[in-house]
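Chemist: structural data only, the sequence is not supplied:
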Ligand SMILES: NC(=O)C1=CN([C@@H]2O[C@H](COP(=O)(O)OP(=O)(O)OC[C@H]3O[C@@H](n4cnc5c(N)ncnc54)[C@H](O)[C@@H]3O)[C@@H](O)[C@H]2O)C=CC1
Ligand SMILES: O=C([O-])CC(=O)C(=O)O
């Protein structure tokens, strides 16, 4: 995955004038041409995410789509002196062109929460947006890896799967709910309490992406720290409520955008590395799963040339985590079923 140090090296590459980086990896190996499409590119997440993807040397073509505002965002981002070509597409009639030939499609299109709302309160608007966009993906780039950011992720991923199944293009290896922000938060909060440098911290986060369905596994966090049970409980709650913390702080002006753009860029980078054959790329993601009895579940996933290479198991859980796992299942199950039902109406 893209480490913070890599963002620094991307920045210095960009400031050196890195046109050659679109075709060359870090070890001077030629890397394949890759098209990445961002759907919702003019939004709060979409804009900084487009910027970060423009800095990624694994991207050769960056396609920025939204219902409005993309000409400006694309013109702006295109002036950055990295190698990728940037094209903006606006409105339904340009969606096909935006998607054609895409290797990775990132979807941050949809409305964000306001204080007092749950992610599920976004369902009525975002479910329809995701359904429309996935119908076009099935038509124009059926083999792309789809990175779903739009909430409620616990329902939008099943919606996408059903749309792809109906179109006859579903491949469970290619559909991902982006839960990377939960991991990013868990790492940050853990490093603070454990008093260790955050750059070396790892924390798996499993389950789903809403409230108690977000289950950080601090018992597996590295480096190990002897944190008291009440500290682990507080860290777990803060990770579960991380999105709400930002929604409240923004006081009606939306939800996490900058940290989400960072997390989305990390996950897309991991997908590109996997596609390019880089070994041992492992990230947590909400995918089709047999890890529990639920059909979709977030856990560590090994990424490869076809997307998901292996869905990894949960590993040993503490009693507290085991309880958290049992408590999250009913909510996650009903969010998944809601998505499936909507897509088949
Ligand atoms: N998975 C995660 O961890 C996170 C997910 N989110 C979710 O990401 C979504 C976007 O959040 P923001 O960027 O803050 O919202 P925003 O409102 O700032 O941007 C959304 C963008 O989507 C565009 N859009 C709407 N309908 C569209 C369509 N049919 N096709 C293409 N674009 C369309 C809008 O024009 C807008 O530019 C929300 O659903 C939010 O809840 C936010 C943070 C974290
Ligand atoms: O909380 C929200 O609505 C946005 C989100 O998913 C997050 O920040 O984790």
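Modeler: Ah, there it is. Keep in mind it's a predicted model, so treat the numbers as computed, not measured. Ligands and ions are numbered 1, 2, ... in the order given.
Chemist: beyond the host helix or strand of residue 266, next helix or strand please.
Modeler: If you go by DSSP states H and E, residue 266 is part of helix 258-275. Following helix 258-275 in sequence order, the next helix or strand is strand 281-288 (DSSP H and E).
Chemist: ok, that following strand near ligand 2 or not?
Modeler: No: residues of strand 281-288 contacting ligand 2 under Cβ under 6 Å from any ligand atom: none, with a closest distance of 11.6 Å. Using the backbone N, CA and C atoms, a C-beta is placed for each residue, glycine as well.
Chemist: hmm, back to that, helices or strands next to the helix holding residue 266 in the packing?
Modeler: Applying 3 or more Cβ pairs under 8 Å, 6 or more residues apart in numbering; DSSP states H and E, we find helix 258-275 packed against helix 46-54, strand 104-107, strand 145-148, helix 180-194, strand 281-288, strand 296-304, strand 307-311.
Chemist: now render those as TSV, adding mean neighbour count, mean pLDDT and distance to ligand 1.
Modeler: Below are these laid out as TSV (neighbours: other Cβ atoms under 10 Å; pLDDT from 0 to 100; distance: least, Cβ to the nearest ligand atom, whole Å):
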stretch	mean neighbour count	mean pLDDT	distance to ligand 1
helix 46-54	24	99	6
strand 104-107	28	99	8
strand 145-148	26	99	7
helix 180-194	22	98	4
strand 281-288	23	99	9
strand 296-304	24	98	11
strand 307-311	18	98	18
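Chemist: so how far is ligand 1 from residue 84?
Modeler: 21 Å (Cβ to the nearest ligand atom, to the nearest Å).
Chemist: cool, residue 66 as well?
Modeler: Note on residue 66: its distance to ligand 1, by Cβ to the nearest ligand atom, is 5 Å.
Chemist: neighbours of the closest residue in space to that residue that isn't next to it in sequence, how many?
Modeler: With Cβ to Cβ, 6 or more residues apart in numbering as the criterion, residue 66 has its nearest non-adjacent residue at 3.9 Å, and that residue is residue 42. By the measure other Cβ atoms under 10 Å, the count of residues near residue 42 is 22.
Chemist: could we number from 644 for the rest of this?
Modeler: Renumbered: residue one is now 644, and that last one reads residue 685.
Chemist: next up, the contacts around residue 685.
Modeler: 707, 709, 711-713, 715-716 (Cβ atoms under 8 Å, 6 or more residues apart in numbering).
Chemist: is ligand 2 within reach of stretch 936-950?
Modeler: No: using Cβ under 6 Å from any ligand atom, stretch 936-950 never reaches ligand 2; the gap is at least 12.5 Å.
Chemist: any chance of the contacts of residue 685 in JSON lines, plus pLDDT?
Modeler: Shown next, in JSON lines, are the contacts of residue 685 (pLDDT from 0 to 100):
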{"residue": "707", "pLDDT": "99"}
{"residue": "709", "pLDDT": "98"}
{"residue": "711", "pLDDT": "98"}
{"residue": "712", "pLDDT": "98"}
{"residue": "713", "pLDDT": "98"}
{"residue": "715", "pLDDT": "98"}
{"residue": "716", "pLDDT": "98"}
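Chemist: quick check: pLDDT value at the residue of the chain found nearest ligand 1.
Modeler: Closest to ligand 1 within the chain is residue 686: 2.0 Å, counting by Cβ to the nearest ligand atom. As predicted, residue 686 sits at a pLDDT of 98.
Chemist: in a strand, that's where residue 718 is, yeah?
Modeler: No: judged by DSSP: H, G, I helix; E, B strand; the rest coil, residue 718 forms no part of a strand; its state is helix.
Chemist: do I have it right that it meets residue 733?
Modeler: No: taking Cβ atoms under 8 Å as the definition, residue 718 is not a contact partner of residue 733, at 11.9 Å.
Chemist: so which of those two has more stuff around it?
Modeler: residue 733 (21 against 12).
Chemist: quick one: residues contacting the more buried one.
Modeler: By Cβ under 8 Å, 6+ apart, the neighbours of residue 733 are 708-714.
Chemist: looking at those residues, state which has the most neighbours.
Modeler: In terms of neighbours by other Cβ under 10 Å, those top out with residue 708 at 29 neighbours.
Chemist: hang on, residue 730 in a strand?
Modeler: Yes: Residue 730: assigned to a strand according to three-state DSSP.
Chemist: ok, what's across the strand from it?
Modeler: residue 706 (DSSP bridges).
Chemist: got the contact list for it?
Modeler: Counted by Cβ under 8 Å, 6+ apart, residue 730 has contacts 704-707, 717, 741.
Chemist: just residue 943 next, same as before
Modeler: 847, 849, 925-927, 954-955.
Chemist: just curious, which of those residues is nearest to residue 890?
Modeler: Ranked by distance to residue 890 (Cβ to Cβ), those are led by residue 927 at 22.0 Å.
Chemist: from ligand 2, how far out is the closest one?
Modeler: 13 Å.
Chemist: host element of residue 875?
Modeler: Counting by DSSP H and E, the element that carries residue 875 is helix 872-883.
Chemist: what sits up against stretch 950-961?
Modeler: Against stretch 950-961 from outside (Cβ under 8 Å, 6+ apart): 788, 814-819, 847, 849, 860, 862-863, 875, 914, 917-918, 925, 930-934, 942-946, 968.
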